[in-house]
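# I would like the atomic coordinates for the input below:
(one chain, ligands or ions: 1)
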Amino acid sequence: MTASLYLKQVELGPMGNYIYFVGDRNTREVAVVDPAWEVDRIVGVAQENDLTISKILITHSHFDHINGVEDLLNRTRARVYIHKAEAEFMRAVWPDLVKVESGDTTTLGDVEITFIHTPGHTPGSQCFLVQNTLVSGDTLFIGACGRCDLPGSSPEDMYASLTQKLMQLDERTLVFPGHNYAQKPYSTIGDEKRSNPYLQFQSLQDFLRRGMGIVKLT
Ligand SMILES: [Zn+2]
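So this is what the prediction gives:
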């Protein structure tokens with residue numbers, strides 16, 4: 001029997017960031033993905049829904065995704081999970097940090113989450129795959145991909161992350177991105193493959209030449 005997934009999407013802050021609660025519907029143990037902007041709201045949502053926050057999962061270290069980590073750490077017993085390359089990139093100083101690699105897993109109750117390293121937007125960007133659901137951070141948006149013209153970005157790495165990792169997932173996989181940049185809150189890998197203009201390339205050269213990943217998104 002598959003464990004019962006709990007997933008809740010909350011939009012917070014001035015940049016349309018999506019924060020996620022992901023975990024076990026039965027045990028109510030959850031992780032918060034990218035806590036930022038309004039920690040009171042995050043704690044409130046957990047209380048209203050009878051959730052225990054035991055982990056904090058970081059897609060990447062940009063300010064708009066992590067500015068609530070410290071506050072949330074002061075209010076929960078959560079441990080922080082970050083890709084090891086991102087921990088080096090940001091020189092992370094949080095206590096009790098768990099540095100993960102691609103393919104590592106962690107559990108919330110009976111629900112297992114797999115970390116997928118997807119460098120490109122930042123060196124240690126990662127996505128979280130849980131059952132048929134991908135939390136994609138700033139790697140894959142609905143109708144776009146993350147910017148690759150920032151410090152630590154690499155369009156070549158983004159191309160590899162998209163083609164060798166995310167586009168290889170089952171087409172029915174649900175995609176929950178890091179920002180509200182679209183008309184709908186989530187998509188699927190299949191829909192993005194077909195309609196996302198940033199996935200319509202023939203080759204790495206094509207991807208680079210057309211400036212994909214160089215877009216006005218954070
Ligand atoms: Zn970012």
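
# What separation is there between the spatially most central residue of the chain and Cys145?
In the chain, the C-alpha nearest the mean C-alpha coordinate belongs to Gly137, at 2.9 Å (Cα atoms, centre = their mean). Computed as Cβ to Cβ, to the nearest Å, the Gly137 to Cys145 distance reads 11 Å. Where C-beta positions appear, they are placed from N, C-alpha and C, glycine not excepted.

# Overlap of the contact sets of those two?
Contact criterion Cβ atoms under 8 Å, 6 or more residues apart in numbering; residues bridging Gly137 and Cys145 by contacting each: His121.

# ok, which stretches of the chain are helices?
39-48, 63-66, 69-75, 84-90, 155-160, 189-195, 204-209 (DSSP state H).

# And the ones you listed: which comes nearest the ion?
Closest to the ion of the helices of the chain is helix 63-66 (Cβ to the ion; 6.2 Å).

# wait, does that closest one make contact with the ion?
No - applying Cβ under 5 Å from the ion, one finds helix 63-66 separated from the ion by no less than 6.2 Å.

# Can you read off the pLDDT for Gln200?
Confidence at Gln200, expressed as pLDDT, is 90.

# Please apply the same query to Thr139.
At Thr139, pLDDT is 98.

# For it, which non-adjacent residue is closest in space?
Thr118 (4.3 Å; Cβ to Cβ, 6 or more residues apart in numbering).

# Isn't the one you found up against Ser161?
Yes - counting by Cβ atoms under 8 Å, Thr118 does reach Ser161; the two are 3.8 Å apart.

# any common contacting residues for these two?
Ser125, Thr139.

# neighbour-wise, which of the two wins?
Thr118 (31 against 25; other Cβ atoms under 10 Å).

# Tell me which of the helices of the chain approaches Glu29 most closely.
Among these, the nearest to Glu29 by Cβ to Cβ is helix 39-48 (10.8 Å).

# Return the list of helices and strands in contact with that closest one.
On a contact count with 3 or more Cβ pairs under 8 Å, 6 or more residues apart in numbering; DSSP states H and E, helix 39-48 meets strand 5-12, strand 17-24, strand 29-33, strand 52-57, helix 69-75.

# Name the strands paired with the third one and say parallel or antiparallel.
Taking DSSP bridges as the criterion, strand 29-33 sits next to strand 17-24 (antiparallel), strand 52-57 (parallel) in its sheet.
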